[in-house]
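J.: give me coordinates for this.
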Amino acid sequence: MHSVTILALDGVIPFDMAAPMQVFDRTRLPDGRHPYRVRLCAERPEVHADGGFTLRVERGLEALADADTVVVPGRTEGSPPPSPAVLAALREAAGTGTRIASVCVGAFVLAEAGLLDGLRATTHWVAAGLLARSFPEVDVRPDVLYVDNGRILTSAGAAAALDMCLHMIRSDLGSAVAADAARMSVMPLEREGGQAQFIVHEHPPVPRGSDLEPLLDWIGDNLAHEVTLGAMAARAGMSERTFSRRFREQTGTTPLQWLLRARVRRAQYLLENSDHTVERIAQQAGFGSPTAFRERFRKVVGTTPHAYRSTFSGRRAVPAAGG
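T.: Residues are numbered from 1 along each chain as shown. Below is the predicted model of the structure:
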């Protein structure tokens, strides 16, 4: 029997902890046997969980020593950092070959323990930038559902953690058992780790008070029209080279990248809040053609315009060929 241990820390998010426990606990072999033994452990007997309640935990950190898989769930913002004892226990478990996986911002705990150094990792897209800045030795991938480095795995949000758990079950026991576990969890089995997270892109940064502010407002008002680098530089009264350098200094990105993000954000808004066809939205957001719109939208957002609308719009999606 494979031992799966959930490591609970103060500020733990209940769903981030419960979802992996349930998917492993509900897994069955063809003969009905339970292949996983799921346990909960913590540094102290009581853990303060998000939502204002306390969990009583029977096992301490010694449970990590004989675990086959350790799952570190997400925690709320402002939770105390993991103690040296927790970090040492995780490092010791990893050193003996234990598989260790994190849910959402649980990746920060793995990074603090040094388990992600030199590895690819992901977390919820909202926290990906902070993870990258805090741990520059980690190769943060903000646009995937989960990352499997062999013995160290990280996942994005809580739903992506279920994809990661099903991936581990499939690796352990094969696709048939994993497919049955997916059905028990009412989940699709084939969402691969490389599938992008649905990232809601905020409006591109506009540095208020900068000399570029009028130009950026003008770009935002003219997204439906062709806006070239030369036109932007001319409007700013600079050469293209000087303008590009000044733009990057003040916005942290290039003029054309800023323009693409602005167009994608406009398209996202229209997909969520209008019944316009993909063809019309492509024109309104300034992509030139529906084909270019679909390609660039998918590259930035990670899915098609039609799939995005189906997921995020309360309106009935308007069918569009290839959308």
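J.: where does pLDDT dip in the chain?
T.: Across the chain, the ranges flagged by pLDDT under 70 are 186-210, 311-323.
J.: now the strands: where do they sit in it?
T.: 2-8, 36-42, 46-49, 53-56, 69-72, 99-102, 120-121, 139-140, 146-148, 152-155 (DSSP state E).
J.: nearest to Arg261, out of those strands?
T.: Arg261 sits nearest to strand 139-140 of all the strands of the chain, at 18.9 Å, using C-beta to C-beta. Placement of C-beta: from N, CA and C, glycine included.
J.: domain parsing for this protein?
T.: Using automatic domain parsing, the domain ranges for the chain come out as 2-184, 213-312.
J.: can you name the residues that contact Leu7?
T.: Shown in contact with Leu7 (C-beta atoms under 8 Å, 6 or more residues apart in numbering): Cys41, Ala42, Leu64, Val70, Val71, Val72, Pro73, Val86, Leu90.
J.: what about the residue nearest to the first one when sequence neighbours are not counted, distance to Ala42?
T.: For Cys41, the nearest residue in space outside its immediate sequence neighbours is Ala63; the separation is 3.7 Å by C-beta to C-beta, 6 or more residues apart in numbering. Separation of Ala63 from Ala42 (C-beta to C-beta, to the nearest Å) stands at 9 Å.
J.: one more: Glu58?
T.: Distance from Glu58 to Ala42, by C-beta to C-beta: 9 Å.
J.: now for Leu90: which residues touch it?
T.: Taking C-beta under 8 Å, 6+ apart as the test, what Leu90 contacts is Leu7, Leu64, Val70, Val72, Ile100, Val109, Leu110, Ala113, Leu115.
J.: turn those into a markdown table, columns for distance to Ala178.
T.: Below are these laid out as a markdown table (distance: C-beta to C-beta, whole Å):
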| residue | distance to Ala178 |
| --- | --- |
| Leu7 | 23 |
| Leu64 | 25 |
| Val70 | 20 |
| Val72 | 22 |
| Ile100 | 20 |
| Val109 | 26 |
| Leu110 | 24 |
| Ala113 | 28 |
| Leu115 | 25 |
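J.: most neighbours of all those residues, which one?
T.: Neighbour counts for the contacts of Leu90 were taken using other C-beta atoms under 10 Å; the highest belongs to Val72, with 31 neighbours.
J.: tally of neighbours for the closest residue to that residue other than its chain neighbours?
T.: Of all residues not flanking Val72 in the chain, Gly106 sits nearest, at 3.9 Å (C-beta to C-beta, 6+ apart). Using other C-beta under 10 Å, Gly106 has 27 neighbouring residues.
J.: can you tell me how far Gly106 sits from Ser310?
T.: Taken as C-beta to C-beta, the span from Gly106 to Ser310 is 30 Å.
J.: could you do Asp50 as well?
T.: On the measure of C-beta to C-beta, Asp50 and Ser310 end up 30 Å apart.
J.: looking at the two, which one has more neighbours?
T.: Ranked by neighbour count (other C-beta under 10 Å), Asp50 and Ser310 place Asp50 first, with 18 against 14.
J.: which residues are in contact with the residue located most distally from the centre of the chain?
T.: For the chain, the largest distance from the centre (C-alpha atoms, centre = their mean) belongs to Gly237, which lies 40.1 Å off. Residues near Gly237 by C-beta under 8 Å, 6+ apart: none.
J.: how about Val103?
T.: Contacts of Val103 by C-beta under 8 Å, 6+ apart are Asp16, Met17, Ala19, Pro20, Val71, Val72, Pro73, Gly74, Ser155, Ala158, Ala161, Met164.
J.: this completes my enquiry, with thanks.
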